[in-house]
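Peer 1: Coordinates for the following, if possible.
(one chain, ligands or ions: 1)
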Amino acid sequence: MPTMQTPIRTPATLPSLVELVDVGPRDGLQNEKQPVPAAVKIELVHRLQAAGLKEIEVTSYVSPKWVPQMADNTEVMSGIQRLPGVRYSVLTPNLKGFEAALRDQPDEIVVFGAASEAFSQKNINCSIAESIERFAPVVDAARAAGIYVRGAISCAVGCPYEGYVPPESVKYVATLMSSIGVQHIGVADTIGVGTPLKVQRALDAALSVYTVDDISGHFHDTYGQALANTLAALEMGVWQFDTSVAGLGGCPYAKGATGNVATEDVVYMLHGMGIETGIDLDALVDAGQYISEQLGRPSGSRVARALLAKRAG
Ligand SMILES: CC(C)(COP(=O)([O-])OP(=O)([O-])OC[C@H]1O[C@@H](n2cnc3c(N)ncnc32)[C@H](O)[C@@H]1OP(=O)([O-])[O-])[C@@H](O)C(=O)NCCC(=O)NCCSC(=O)C[C@@](C)(O)CC(=O)[O-]
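Peer 2: You can find the predicted model right below:
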């Protein structure tokens, strides 16, 4: 019987290649209080793809009353000059959102649920069971249209309202998502409270339902644990992660939560370990510098700050 202290499923070799989804334009900017013009979001997407990101989470089709910053979803999606080989994903919580998104031709959609009942209610105004009922026709419609479906499981280790979230809750939601045809799940530490072994427990629960190729880690850095959690996930063979350029972000329904782990910090760590990402770190730092200047604050990436200081000599 493994204890909390027992590391689990450590493969002999780490993945040699890791794919990062930059969620900065969506997760990163959704909580910005100041209006961010669509042109700036489009330019950010262009800079991320120029830096070598192969998937970018661009926007969400949610209620503009709930998340005003994403109200320009169509303007942003239609303004992007798409590059072949890059996938553009969007969040769709219900059929209304999916139908609007479909017109803008995303490559992937994300339905987003939670491992915590309270967070589900606050975030999408329904219970976990109701959320699955809402997602089911979205998943069917997306798959019929040839659009890949990811599912996000928020609060996979902790919830701002319920506190500790057990791995069984992650397994429960993963099982429900699998039953409706969700093809990939993101295990999200929404408020960044996870530590490596807790994150491994949550991932292990997800792995009892999905294969390692159909799971990604989505770690916020509120408590400075996100890189350690990323490494803990890598040690389990997980090779797909959501990250956010310049560490942008925070969730509107998770007070005090900071952004996702900065893409620059993860790329620096991975490249330093000999793991490929296909991303040009210097160009990525430039993309992060661009959006940080637009927002009028320093980058949340320690790697970006260090490299910019080095450049400045
Ligand atoms: C989910 C809903 C829409 C349900 O909202 P609701 O109020 O329960 O839905 P409703 O069906 O009763 O509709 C109410 C109003 O919203 C409209 N509406 C209904 N659906 C849509 C839609 N798709 N797009 C635009 N408008 C919509 C609908 O037309 C109506 O408008 P009204 O008649 O009042 O003018 C709402 O609760 C919502 O928008 N919530 C925002 C959720 C959100 O964006 N959260 C942040 C993203 S999740 C996240 O960040 C976590 C993640 C993924 O990164 C992983 C992690 O770190 O945890």
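
Peer 1: Tell me where the chain has helices.
Peer 2: Applying DSSP state H to the chain gives helices spanning 38-50, 73-79, 95-103, 117-124, 128-144, 167-179, 196-207, 226-234, 263-272, 281-295, 302-312.

Peer 1: Take these and lay them out in JSON lines including mean pLDDT and mean neighbour count.
Peer 2: Where C-beta positions appear, they are placed from N, C-alpha and C, glycine not excepted. Shown next, in JSON lines, are the helices of the chain (pLDDT from 0 to 100; neighbours: other C-beta atoms under 10 Å):
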{"stretch": "helix 38-50", "mean pLDDT": "98", "mean neighbour count": "21"}
{"stretch": "helix 73-79", "mean pLDDT": "98", "mean neighbour count": "19"}
{"stretch": "helix 95-103", "mean pLDDT": "98", "mean neighbour count": "17"}
{"stretch": "helix 117-124", "mean pLDDT": "97", "mean neighbour count": "20"}
{"stretch": "helix 128-144", "mean pLDDT": "98", "mean neighbour count": "18"}
{"stretch": "helix 167-179", "mean pLDDT": "98", "mean neighbour count": "20"}
{"stretch": "helix 196-207", "mean pLDDT": "98", "mean neighbour count": "23"}
{"stretch": "helix 226-234", "mean pLDDT": "98", "mean neighbour count": "22"}
{"stretch": "helix 263-272", "mean pLDDT": "98", "mean neighbour count": "23"}
{"stretch": "helix 281-295", "mean pLDDT": "98", "mean neighbour count": "21"}
{"stretch": "helix 302-312", "mean pLDDT": "96", "mean neighbour count": "15"}
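
Peer 1: Nearest to the ligand, out of the ones you listed?
Peer 2: Closest approach to the ligand among these is made by helix 95-103 (2.8 Å; C-beta to the nearest ligand atom).

Peer 1: which helices and strands does the closest one pack with?
Peer 2: Packing contacts for helix 95-103, counted by 3 or more C-beta pairs under 8 Å, 6 or more residues apart in numbering; DSSP states H and E, involve helix 73-79, helix 128-144.

Peer 1: could I get the ones you listed as JSON lines with distance to the ligand?
Peer 2: Shown next, in JSON lines, are the helices and strands packed on helix 95-103 (distance: least, C-beta to the nearest ligand atom, whole Å):
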{"stretch": "helix 73-79", "distance to the ligand": "9"}
{"stretch": "helix 128-144", "distance to the ligand": "8"}
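
Peer 1: Turn those into JSON lines, including distance to Arg311.
Peer 2: Formatted as JSON lines, the helices and strands packed on helix 95-103 follow (distance: least, C-beta to C-beta, whole Å):
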{"stretch": "helix 73-79", "distance to Arg311": "30"}
{"stretch": "helix 128-144", "distance to Arg311": "43"}
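
Peer 1: and this structure, which of its residues are near the ligand?
Peer 2: 27, 30, 60-63, 66-67, 91, 93-94, 96-97, 112, 123-125, 152, 154, 188, 190, 218, 251-252 (C-beta under 6 Å from any ligand atom).

Peer 1: Quick one: buried ones out of those residues?
Peer 2: 27, 30, 60-63, 67, 91, 93-94, 97, 112, 123-124, 152, 154, 188, 190, 218, 251 (16 or more other C-beta atoms under 10 Å).
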